[in-house]
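Asks: have a look at this prediction, sequence included:
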Amino acid sequence: MRYFLLLQFGFAMLSFVSLAGCNQRARADAKIEEPPSIEIEHLHRSGLVTVDHPEQFSVVAARRYEIASELNVTGTVNADVSRSVPVISLASGRVVEIDARLGDEVKKGQLLFRVRSADIAQAFSDYRKAVASEQLTKVQLDRAKILFDKGAIAAKDLEVAKNAEDTAKVDLDTTAEHLRVLGSDLNHPTGIVDVVAPVSGLITDQQITGAAGVQALTVPNPFTISDLSHVWIICDVYENNLAEVRLNEYADIHLAAYPDRVLKGKISNISPILDPAIRTGKVRLEVENPGILRLGMFVTATFHGSTKETHVTVPASAVLHLHDRDWVYVPQTAKIYRRVEVRGGAMIAPDKQEIESGLRPGDKVVVDALDLQNATEQ
């Protein structure tokens, strides 16, 4: 009986070994048929990863790229002072009508507002007195001529009469011109003065409202009209960067509202006075306005220097963006890669990106950093 039990146990062990051997051979055959898998060993502290099949990750050398040095500053759009004209009232009084508003486009000669003024009454009174005086002196001169022809008066009396007539004519012309300057008709005088636009343009400032009072030839001016076909861009440039800005050269103007548009601005003035608080100088750019620049708009101006700077470029796919930081994978040995932090710059082309720091020309990087990163996360 004991012998029989030992015999059965031997047969069971033999069957188990045979079955295990078959399973091992089946798994080995299946492994031969499958493509080799990528086995990656993570070494997080050092930023290294080990790859069994590095041939699946192409590498490329970083290239040298030379460009002129650039200086980027911010600025604001302002009206060209030489193209801004104040609208003034030559008569003091009360505003009774406003026919234009801030932001309106106006034409030269267009009515802007009306003022009821007592200055007109005084000016017309002076005019009527000048008319009466001129008429009287003319009659006196005619009488003096007759008397002089008959020998009744001396030549000096005739000269006095003639001088009085000339003086009266001067007074008459002066008072008449005063009325015309105030905007009144000599034949139909009125106490209302019309103020019209002296030039065509955009109303960029308004300092009056209905029923407001205005004073002749005083500030603030009721309106300011600006020609915005050309504008100024005023930039703040730090003291240590002023050497890169030169008169009569051009800068590129970039607008946040129109990222696809790049305008050209000519450097027309560099202020000789620095802001003592922030140590910046004002740089003025003159720009032709294509109709998209608005007063007060913020812009970025790029000044191009005369010296060349060496930069590094890599394929855009080689840069990995993680947590607001830029990384590349650099091969250390045949199977080991290190993840290196870099500072990415501008896109040179659709498939090239500038590297401002972290790489040197000739350094090799993995072409597709995202593929390697995804493989490390599996």
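Replies: Ah, there it is.
Asks: bridging residues for the residue nearest the centre of the chain?
Replies: Residue closest to the mean C-alpha point of the chain, counted by CA atoms, centre = their mean, is residue 299 at 2.6 Å. On the basis of DSSP bridges, residue 299 is bridged to residue 75, residue 255.
Asks: how close does it get to residue 112?
Replies: Look at residue 299 and residue 112: by CB to CB, to the nearest Å, they are 31 Å apart. C-beta coordinates here come from the backbone N, C-alpha and C atoms, glycine included.
Asks: same question, residue 138
Replies: Taking CB to CB, one finds residue 138 at 41 Å from residue 112.
Asks: do the same with residue 296
Replies: For residue 296, the distance to residue 112 equals 23 Å [CB to CB].
Asks: more neighbours: which of these two?
Replies: The neighbour comparison of residue 296 against residue 112 (other CB atoms under 10 Å) goes to residue 112, with 24 against 8.
Asks: which residue sits closest to that one, ignoring its sequence neighbours?
Replies: Closest residue to residue 112 apart from its sequence neighbours, by CB to CB, 6 or more residues apart in numbering: residue 100 at 4.7 Å.
Asks: in this structure the one you found contacts residue 113, no?
Replies: Yes. The criterion here is CB atoms under 8 Å, and residue 100 meets it with residue 113 at 7.2 Å.
Asks: please give the element, helix or strand, for the residue nearest to residue 112.
Replies: Applying DSSP states H and E as the criterion places residue 100 outside every helix and strand.
Asks: same check on residue 221?
Replies: Going by DSSP H and E, residue 221 is not in any helix or strand.
Asks: any idea how many residues pack against it?
Replies: Other residues close to residue 221 by other CB under 10 Å number 18.
Asks: go on, the one 4 residues further on?
Replies: By other CB under 10 Å, 27 other residues sit near residue 225.
Asks: so it makes contact with residue 204?
Replies: Yes. Assessed by CB under 8 Å, residue 225 is found in contact with residue 204 at 7.2 Å.
Asks: so what's in contact with these two at the same time?
Replies: Jointly contacting residue 225 and residue 204 under the rule CB atoms under 8 Å, 6 or more residues apart in numbering are residue 84.
Asks: what's stretch 138-150 in contact with?
Replies: 153, 154, 155, 157, 158, 160, 161, 162, 164, 165, 168.
Asks: repeat that for stretch 91-109.
Replies: 110-120, 182-183, 192-193, 196-206, 208-216, 223, 225.
Asks: show the average pLDDT along that stretch.
Replies: For stretch 91-109, mean pLDDT is 95.
Asks: and if you look at stretch 337-357?
Replies: 88.
Asks: mind exporting the C-alpha coordinates of it to CSV?
Replies: The C-alpha atoms that make up stretch 337-357 are tabulated as CSV, following Å, rounded to 0.1, in the frame of the first residue of the first chain:
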residue,chain,number,x,y,z
TYR,A,337,19.1,60.5,-21.4
ARG,A,338,19.0,63.5,-19.0
ARG,A,339,16.1,65.9,-18.9
VAL,A,340,17.7,69.4,-18.9
GLU,A,341,15.8,72.7,-18.2
VAL,A,342,16.2,75.4,-20.8
ARG,A,343,14.7,78.8,-21.5
GLY,A,344,12.8,78.8,-24.8
GLY,A,345,12.7,81.9,-27.0
ALA,A,346,10.8,83.0,-30.1
MET,A,347,9.8,80.7,-32.9
ILE,A,348,12.2,81.1,-35.8
ALA,A,349,10.1,79.1,-38.2
PRO,A,350,7.1,76.9,-37.8
ASP,A,351,9.3,74.0,-36.9
LYS,A,352,12.3,75.8,-35.2
GLN,A,353,12.5,77.4,-31.8
GLU,A,354,15.2,79.6,-30.3
ILE,A,355,16.8,78.5,-27.0
GLU,A,356,18.0,81.5,-25.0
SER,A,357,19.9,79.5,-22.3
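Asks: burial count for residue 121?
Replies: Neighbour number of residue 121 under other CB under 10 Å is 13.
Asks: what do you get for residue 178?
Replies: With other CB under 10 Å as criterion, residue 178 counts 19.
Asks: ditto for residue 200
Replies: 14.
Asks: now do the contacts for it.
Replies: 106, 107, 108, 225, 227 are the contacts of residue 200 under CB under 8 Å, 6+ apart.
Asks: show the buried residues in those residues.
Replies: 106, 225, 227 (16 or more other CB atoms under 10 Å).
Asks: mind putting those in a markdown table, secondary structure included?
Replies: As requested, the buried ones among the contacts of residue 200 are exported to a markdown table (DSSP: H, G, I helix; E, B strand; the rest coil):
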| residue | secondary structure |
| --- | --- |
| 106 | strand |
| 225 | strand |
| 227 | coil |
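Asks: got any ranges where the stretch 101-250 of the chain has weak pLDDT?
Replies: Along the stretch 101-250 of the chain, the model assigns pLDDT under 70 to no residue.
Asks: which residues of it fall in helices?
Replies: In the stretch 101-250 of the chain, the helices defined using DSSP state H, counting those that start in this stretch lie at 118-149, 155-181.
Asks: got the angle between the longest one and helix 155-181?
Replies: Meaning helix 118-149. 160 degrees (axes from the mean of the first three to the mean of the last three CA atoms, to 10 degrees).
Asks: for helix 118-149, buried residues please.
Replies: 119-120, 123-124, 126-127, 130-131, 133-134, 137, 140-141, 144, 148.
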